[in-house]
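In: Have a look at this prediction, sequence included:
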Amino acid sequence: KVRLIGINTPERKSNDPLNEEATQLLRDLVEGKEVTLEFDEEETDQYQRTLAYVHVGDLFVNGEIVRQGLAYCYTWRPNTAHEGEFVTWQKEAREADRGLWSLPAPAPSDVYVADSQGHRFHREDCSRAKGIRGGRRLTFRSRDDAFDLGQNPCGTCKP
């Protein structure tokens, strides 16, 4: 199994919208084709999955899924070689209302928070945000500000 670095697609187990579309896009891009794996700082995760950026010829598969709006940019340190590209492609997909960005946004919050060492942002009243303190606490005025720094929405408070 290969875990695509830098992206986070909708989850099947949570019945997230567009999971099937993201899965199908990945199949269309790689199934039956010769792929090249590009590694970053870590080559495996705690589940022993291979961590890689996937290429089919000149096509950067991880990036294409973000460009199509079927994945969030997912910054997981230390594997950040393409973070800037993912953030840019995510912003383009968001501005074009593609995929995930075409879905209705949740009601806005006055403030969103994240841990500077983490990869998820939360509504300020989320139980997972309560322990974020001091110099590690990031605050955002909008969801877009959090997304532009490569943060992902919390699965609990669904900001």
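Out: Now that the structure is in, tell me what you want to look at. This structure is a prediction, so every number in the text was calculated from the model and none was measured. Numbering: from 1, shown residues only.
In: for the record, mean pLDDT for the longest strand anywhere in the chain?
Out: Using DSSP state E, we find that the single longest strand of the chain is strand 50-56. Mean pLDDT, computed over strand 50-56, is 98.
In: buried residues in it?
Out: Neighbour-count burial for strand 50-56, counted by 16 or more other CB atoms under 10 Å, picks out 51-55. Where C-beta positions appear, they are placed from N, C-alpha and C, glycine not excepted.
In: Reformat these as CSV; add distance to residue 80.
Out: CSV is the format used below for the buried residues of strand 50-56 (distance: CB to CB, whole Å):
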residue, distance to residue 80
51, 12
52, 14
53, 11
54, 17
55, 18
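In: Just the closest of those residues to residue 135, please.
Out: Within these, the smallest distance to residue 135 is 28.4 Å, found for residue 51 (CB to CB).
In: ok, the closest one - contacts?
Out: Contacts for residue 51 (CB atoms under 8 Å, 6 or more residues apart in numbering) come out as 2-3, 5, 39-40, 42-45, 79.
In: try residue 65
Out: Residue 65 neighbours (CB under 8 Å, 6+ apart): 4, 7, 9, 22, 25-26, 29, 71.
In: Filter the residues you listed down to the ones in helices?
Out: In helices, judged by DSSP state H, the following of the contacts of residue 65 are found: 22, 25-26, 29.
In: and which of those residues is nearest residue 90?
Out: Among the ones in helices among the contacts of residue 65, residue 22 lies closest to residue 90 (CB to CB), at 13.8 Å.
In: bridging residues for residue 112?
Out: Counting by DSSP bridges, residue 112 is bridged to residue 123, residue 140.
In: tally of neighbours for it?
Out: Counted with other CB atoms under 10 Å, residues neighbouring residue 112 total 27.
In: isn't it right next to residue 159, touching?
Out: Yes. Contact criterion CB atoms under 8 Å: residue 112 and residue 159 qualify, at 5.6 Å.
In: gap between the nearest residue to residue 76 once chain neighbours are set aside and residue 147?
Out: Spatial nearest neighbour of residue 76, chain neighbours left out: residue 119 (5.7 Å); criterion: CB to CB, 6 or more residues apart in numbering. The spacing between residue 119 and residue 147, counted by CB to CB, to the nearest Å, is 12 Å.
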